[in-house]
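after the sequence you'll find the predicted model.
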Amino acid sequence: MLVVLTGGTGGAKLVQGLGLESDPEKLLIVCNTGDDFVLYGLNISPDLDTIAYTLAGVADTEKGWGIQGDTFAALEWLEKYGGENWFKLGDRDLATHIARTRLLREGLTLAQATERICKSLGVRAALLPMSNERVETRIQTPAGEISFQEYFVKLHWSVDVSGVAYAGAEASSPTPGVLEAIRDANGIIVCPSNPVTSIGPILAVPGIRAALKETRAPVVAVSPIIGGAPVSGPADKLMAAVGMDASAFGVAKGYAGLVDLFALAPEDRDWRTRIEALGVKTAEQPIRMNSLDDKRRLARELLALL
């Protein structure tokens, strides 16, 4: 079994490649749910949905979120009724949130609801939330604490950040099967996701960090930073806010003790000596994924490293 730890947009590119270059029925994906929130009374899991849509082949890969060809009629009508429209809920995407909310209200766990949704979409890989309990990534700003979605989507990461917290993490537990999968995996890949708001919440769930330290499986992480800048999003700002060096070295340092090998871009080769001094081997790879061929190539190269 290949275990993959991921967030949404950045990780989804590699997940797509891995889904095509390996047996999807031997792929188990542990996904961040720290971004989850409730809007219009609906339980929304942005990263789970991005990964599910990607594996189902229906994701809008140009936007990096949502479903290809989606329309926004419901959102337009919600706005007529005075509702908020900053979170772009497509009509097809809305159906996913309605289905998830119904399943949760019927008593299913988030993992069980996710399994039902994936089965309906024809996803063959196993997709698990990091926890069935609520863990919320909170962004601390000079004006007070806000949710990650408010920071990322509503405010377009334009405000200063003084810290990041994972509310509820200490009292949470991993989704059943996650620790066993990490322990028994043939290989583990940490996707090029934001180390603070995508991988950070996963590692904050008690037991997952320890399982990564103890597993005998090779663990490979991919840098989300190329040439000192994030491939997308505010990873550099958030890393600086929590005291991390906003570089490939900073990401590797954050994963030291958890991963055996760190894949970084040729632009960051000057960091290799310092990273290897942390006890983490390095591999220089073209990690930027601009096309499906890039995604498949990187997936093949990472699988060969395990």
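Noted; the coordinates are in hand.

pLDDT of whichever strand or helix holds residue 20, averaged?
According to DSSP states H and E, residue 20 maps onto helix 9-21. Helix 9-21 carries an average pLDDT of 94.

CA atoms of it as CSV?
The C-alpha trace of helix 9-21 is given here as CSV (Å, rounded to 0.1, in the frame of the first residue of the first chain):
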residue,chain,number,x,y,z
THR,A,9,-4.7,22.1,-4.8
GLY,A,10,-0.9,21.6,-4.7
GLY,A,11,-1.1,18.0,-3.5
ALA,A,12,-3.9,17.1,-6.0
LYS,A,13,-1.5,17.5,-8.9
LEU,A,14,0.8,14.8,-7.6
VAL,A,15,-2.1,12.7,-6.4
GLN,A,16,-3.4,12.7,-10.0
GLY,A,17,-0.1,11.5,-11.3
LEU,A,18,0.2,8.8,-8.6
GLY,A,19,-3.3,7.7,-9.4
LEU,A,20,-2.3,7.2,-13.0
GLU,A,21,1.1,5.7,-12.4
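
packing partners for that helix?
Packed against helix 9-21 by the contact rule (3 or more C-beta pairs under 8 Å, 6 or more residues apart in numbering; DSSP states H and E) you find strand 2-6, strand 27-31, helix 46-56, helix 292-305. C-beta: built from backbone N, CA, C; applies to glycine.

adjacent strands (with direction) for the first one?
Right, the one you point to is strand 2-6. Taking DSSP bridges as the criterion, strand 2-6 sits next to strand 27-31 (parallel), strand 187-190 (parallel) in its sheet.

save those as CSV, and put in mean pLDDT too.
CSV is the format used below for the strands paired with strand 2-6 (pLDDT from 0 to 100):
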stretch, mean pLDDT
strand 27-31, 98
strand 187-190, 98
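
which stretch among the ones you listed comes nearest residue 260?
Between residue 260 and these, the tightest spacing by C-beta to C-beta is seen for strand 187-190, at 9.1 Å.

name the surrounding residues that touch the closest one.
Residues outside strand 187-190 that contact it (C-beta atoms under 8 Å, 6 or more residues apart in numbering): 2-6, 14, 18, 182, 199, 212, 215, 217-222, 255, 258-259, 302-303, 306.

swap the cut-off to 6 Å and go again
With contact meaning C-beta atoms under 6 Å, 6 or more residues apart in numbering, strand 187-190 is reached by 2-5, 217-221, 302, 306.

what about the strands in the stretch 51-200 of the chain?
126-129, 136-141, 144-147, 163-167, 187-190 (DSSP state E, counting those that start in this stretch).

do the stretch 201-306 of the chain as well
Using DSSP E, counting those that start in this stretch, strands in the stretch 201-306 of the chain cover 219-222, 225-226, 229-230, 261-264, 281-284.

nearest to residue 186, of the ones you listed?
strand 219-222 (11.4 Å).

which helices and strands does that closest one pack with?
Judged by 3 or more C-beta pairs under 6 Å, 6 or more residues apart in numbering; DSSP states H and E, strand 219-222 is in contact with strand 187-190, strand 261-264.

export the helices and strands packed on helix 9-21 as TSV, with columns for mean neighbour count and distance to residue 127.
Below are these laid out as TSV (neighbours: other C-beta atoms under 10 Å; distance: least, C-beta to C-beta, whole Å):
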stretch	mean neighbour count	distance to residue 127
strand 2-6	26	10
strand 27-31	25	5
helix 46-56	25	6
helix 292-305	17	17
